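Participant: Generate coordinates for the sequence data below:
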Amino acid sequence: MRNRIYSRFMLNYNVIAVSNIAKQLSRMCSNGNLVNVAKKAAAYRAVNEHVKDNQRIGIGSGSTIVFAVERLHQRVQEEQLNVTCVPTSYQARELITSHGLVLEDLDMNPVLDVVIDGADEFDDDLTLIKGGGGCLTQEKIVAASGKELIIITDGSKKSKLLGEHWKKGIPIEVIPMARVPVAQKIQAMYGGEAVLRMAKSKAGPVVTDNGNFIIDWKFEKAAKWGLVHSNIKLIPGVVETGLFVEMARCIYVGNSDGTVERIAKHD
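Facilitator: Numbering: from 1, shown residues only. Predicted coordinates:
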């Protein structure tokens, strides 16, 4: 009798446990789908409004850019657009070629008509933190080569002040031998914590497409980011920072219901 009661209890317990896990997975999948709906809406609208025939286009990196390239491919097929694409990373290069788009580089096209990219966070001044994926230097080079930089994000990247939602810090690409002195100098100048980014699928640090390391500086408070960027760039061994100051023309923020908010400095 006691064994039957115990067995029945364990059966009910397992059914409840499996049910709870299923509910959690359902919520996770639902949240992921909603984020993708937001990213896709922002990417599609940006491509629809800023891409024109005979343009040279900079293609950014990250998960939202996947949808931008998808829409660009659709428009090229449907409208017979003649466009060339310059990538910011290996990922962007693969996206361009896998969609059958024309791939070129800054040697052939040093001036781009438009650059479309994502961001890890942006504030009310449209200052961006970029480089969560490790491509900040190439992203900034391509962005600076464009006549306009268009950013596409979901609502989680929108903050009043930098650091409000993005807690991983400002990425700083450094020459490997300079990683320790650079980290120490940044902490001495501005406080916070500057940490070498470690890889997740291999032993050792993350290595950028340029063969460098990345320091993630977890700052303590908002600052005059243009000045901070300039001062950090003066430290020997610093290649680039993930601060994009006064570079974005406008930002398309996708919502989970498919609507899109367009934010620009003059709005």
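Participant: Next, Ile57: secondary structure please.
Facilitator: Under the three-state scheme (DSSP: H, G, I helix; E, B strand; the rest coil), Ile57 adopts strand.
Participant: Pretty sure it sits against Val111.
Facilitator: No. Contact status for Ile57 versus Val111: not in contact, 11.9 Å apart, counting by C-beta atoms under 8 Å. Where you see a C-beta, it was placed from the backbone N, CA and C, and this is true even at glycine.
Participant: of these two, who's got more company?
Facilitator: Ile57 (29 against 9; other C-beta atoms under 10 Å).
Participant: Excluding its own residues, what touches the strand or helix carrying Glu173? List them.
Facilitator: Using DSSP states H and E, Glu173 sits in strand 170-174. Strand 170-174 is contacted from outside by 129-132, 134, 136-137, 162, 182, 186, 194, 197, 208, 210, 212-217, 219, 232, 237-243, using C-beta atoms under 8 Å, 6 or more residues apart in numbering.
Participant: Repeat that for stretch 93-104.
Facilitator: 56, 59, 65-66, 69-70, 72-73, 76, 83-87.
Participant: now do stretch 45-52
Facilitator: For stretch 45-52, the external contacting residues (C-beta under 8 Å, 6+ apart) are 57, 68, 71-72, 75, 81, 83, 113-114, 116, 148, 150, 152, 252, 254, 260, 262.
Participant: Would you enumerate the residues in contact with Lys233?
Facilitator: Glu240, Thr241.
Participant: same check, this time on Arg71
Facilitator: With C-beta under 8 Å, 6+ apart, Arg71 has these contacts: Ala43, Tyr44, Val47, Asn48.
Participant: Then Ala42?
Facilitator: Residues near Ala42 by C-beta under 8 Å, 6+ apart: Thr64, Phe67, Ile152, Thr153, Asp154, Tyr252, Val253, Gly254, Val260.
Participant: give me the element the third one is part of.
Facilitator: Ile152 is part of strand 149-154, with elements assigned from DSSP H and E.
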